[in-house]
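sequence first, predicted model second:
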Amino acid sequence: MMKPISLSAYSRVVFFTGAGMSAESGVPTYRGRGGIWAEYRWEEYACQDAFDADPNKVLDFHEQRRGRVLACQPHAGHMHLAALQAAHPGLSIITQNTDGMHQRAGAREVVELHGSLWRMRCARHGAVEDLGAAVYENRDCGLCGGLLRPDITWFADAVNAAVFARAQQLIEEAELFVAVGTSGIVYPAAGLVPVAARSGARMIEINPDETELSGMFGERVRETAGVAVPRVFEI
Ligand code: NAD
């Protein structure tokens, strides 16, 4: 079993999280058994074409997702990670999740590679926060009246280039890279793992299962996020 690690030995640390980070909170997954895409066709609910064809259908679906996420609470792993970040200013959280659970646990800065369920975006005026309720505050932009869409990277969308570049820079600088609950099959996000490996970071994977990218990690913790994050990393 891996001995506890003190982060004071590192000036730059990145935690890179995926859907498995929120699994113990009960946030519904997208793929696999019980996943959203087993029940709903993403072509009808999670791409720009679907939004253009029937925006209210897509927005209703996302309100339902927000309601499901709001009913979930951050777990001990989210809370511990937020406390680690508060104690170590050089710790960055980069997530593929859109659920906002890190922030609800108290994390201050989170790089959200795939956007957030808690923001809406106008094609002309950019993103606005829409926090804390399942139902959207507005479906139209207050400035131009244009339709707002969820600020999420849907199928066939490009990732936000500035956000991705920021993530890449943080990872290139990291001395310790910890991946939690990601399968490593969704690109381009998964391509950030080899970036960390090439930069010479100490590589730790937290995942109960083997993944596509496990071979890149020198240390593998086969436990869940809620158990391993508090156990392995000392405040
Ligand atoms: P994934 O669904 O492809 O893989 C999840 C990984 O988590 C698996 O390797 C699994 O073994 C592991 N896992 C399961 N339970 C775990 C636990 N308790 N602790 C630690 N690990 C656990 O997830 P991904 O790699 O993030 O890719 C899925 C894509 O879907 C991402 O792009 C993400 O944006 C999106 N997504 C987001 C959410 C969310 O916001 N919570 C949920 C589902 C999917």
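Structure received. Residues are numbered from 1 along each chain as shown.

quick check: domain ranges of the protein?
Domain assignment for the chain, taken from automatic domain parsing, gives 1-26+74-114+159-235, 28-71+118-152.

most packed of these?
For the domains of the chain, average neighbour numbers computed from mean count of other Cβ atoms under 10 Å are highest in domain 1-26+74-114+159-235, which has a mean of 19. To be clear about C-beta, it is placed using only N, CA and C from the backbone, and glycine gets the same treatment.

check the offset of it from the chain's centre.
9 Å (Cα atoms, centre = their mean, to the nearest Å).

is Asn138 in a helix, a strand, or coil?
Judged by DSSP: H, G, I helix; E, B strand; the rest coil, the three-state class of Asn138 is coil.

show me the shaky parts of the chain.
For the chain, the stretches flagged by pLDDT under 70 are 32-33.

tell me where it has strands.
5-6, 13-17, 91-95, 110-112, 115-122, 126-129, 148-152, 176-180, 202-206, 219-221, 233-234 (DSSP state E).

and the fourth one, what does it pack against?
When contacts are defined as 3 or more Cβ pairs under 8 Å, 6 or more residues apart in numbering; DSSP states H and E, strand 110-112 packs onto strand 91-95, helix 161-173.

what sits against the residue most central in space within the chain?
In the chain, the C-alpha nearest the mean C-alpha coordinate belongs to Asn97, at 2.3 Å (Cα atoms, centre = their mean). Each residue near Asn97 by Cβ atoms under 8 Å, 6 or more residues apart in numbering is listed here: Thr17, Gly18, Ala19, Met21, Ser22, Val27, Glu112, His114.

for the residue nearest to the last one when sequence neighbours are not counted, give me its contacts.
The shortest distance from His114 to any non-neighbouring residue, by Cβ to Cβ, 6 or more residues apart in numbering, is to Thr153 (4.2 Å). With Cβ under 8 Å, 6+ apart as the criterion, the residues that contact Thr153 are Leu113, His114, Gly115, Val159, Asn160.

same thing but at 10 Å, please
Counting by Cβ atoms under 10 Å, 6 or more residues apart in numbering, Thr153 touches 46, 96, 98, 112-115, 159-160, 163-164, 186, 189.

cheers, nothing more for now.
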